[in-house]
Structure formats: structure tokens, C-alpha cells
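Asks: Give me a 3D structure for the following:
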Amino acid sequence: QVQLVESGGGLVQAGASLTLSCAAAGRTFSSYAVGWFRQAPGKEREFVGVINWSGGTTYYAGSVKGRYTISRDNAKNTVYLQMNSLKPEDTAVYYCAAPRYLSSWPPAPYEYHYWGQGTQVTVSS
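Replies: Numbering: from 1, shown residues only. You can find the predicted model right below:
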């Protein structure tokens, strides 16, 4: 069982940077890949990126590649989402999630089993 809690959201201006954290409770957190998703009002949830268990491999959606960076500190049971050059269209509730089992890379959306409650990111123009 893994419990995830996001933090770090807020209101920023376009072009700013923001770092989200995903803190996990669970002894085996370091064995899980962790993904980030976002959902804007009136839109479907969108995959943002994922990091493997060791932090050595990442995969990003095209819309954020080059602007967002995922990292993790397994000693702190925390995964980070560094967001640079933020745009108004990045406004969304951001969620971290972890798959219970990993059968492919990157994990398919349906493989994510554990979810956090989300943190709001608002980018003003």
C-alpha cells in the first residue's frame, strides 16, 4: 500500500517556475515508478511524465518536454516535478500516481493504482 500527498501548488505568473512535491508513505516506495498527471477544468486528465524506481529513467508528454523535469529522492520518499517557463495552459490540478505493477514503459494510464489528492497550479497571463 502506498499513500501519496502532493504539495507545492499555487498561483504564479506566466514564465515563472514552480516545483511540486509528491510525498509517499510506504516502506516500498522506492520500488515504484511515479507518474504525474494534470486535469484542467472541463478537460480529461492528461499524462505529464513519469520516473522509474531509481530515478534513472524518465518519460514526458510532448506538451511539457523540455520545460518540466521529474526527479526523486528515495531517501525522503519524495518525487518532484520541476516546472519551468509556465504557461496559462499549464493551469490544472496536478496529481502524482504510482502503478502497483509495471508491465510496460512508460506505464499505461490504466496501470496507475495509487493516487494523491492533487494540488492546484494556476498560471496567470
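Asks: Point out where this structure drops to low pLDDT.
Replies: Within the chain, the segments meeting pLDDT under 70 span 27.
Asks: which ones are touching the residue minimising distance to the centre of it?
Replies: With distances taken as Cα atoms, centre = their mean, Trp36 lies nearest the centre of the chain, 2.3 Å away. Residues in contact with Trp36 (Cβ atoms under 8 Å, 6 or more residues apart in numbering) are 20, 22, 48-50, 68, 70, 79, 81, 94-97. The way it works is simple: take the backbone N, C-alpha and C, and place the C-beta from them, glycine included.
Asks: Out of those residues, grab the one that's most surrounded.
Replies: With neighbours taken as other Cβ atoms under 10 Å, the top of the contacts of Trp36 is Cys96, carrying 30 neighbours.
Asks: circling back to that earlier point, could you give the bridge partners of the residue nearest to the centre of the chain?
Replies: Here Trp36 sits in beta bridges with Gly49, Cys96, going by DSSP bridges.
Asks: burial of the closest residue to Val50 other than its chain neighbours, as a residue count?
Replies: Closest residue in space to Val50, ignoring its immediate chain neighbours: Gly35 at 3.9 Å, by Cβ to Cβ, 6 or more residues apart in numbering. For Gly35, the neighbour count with other Cβ under 10 Å is 25.
Asks: Looks like Gly35 contacts Ala108 (just checking).
Replies: No - contact criterion Cβ atoms under 8 Å: Gly35 and Ala108 do not qualify, at 10.4 Å.
Asks: Quick one: list the elements packing against the helix or strand where Ser21 lies.
Replies: For Ser21, the element it lies in under DSSP states H and E is strand 18-25. Other elements packing on strand 18-25 under the criterion 3 or more Cβ pairs under 8 Å, 6 or more residues apart in numbering; DSSP states H and E are strand 3-7, strand 34-39, strand 78-83, strand 92-99, strand 119-124.
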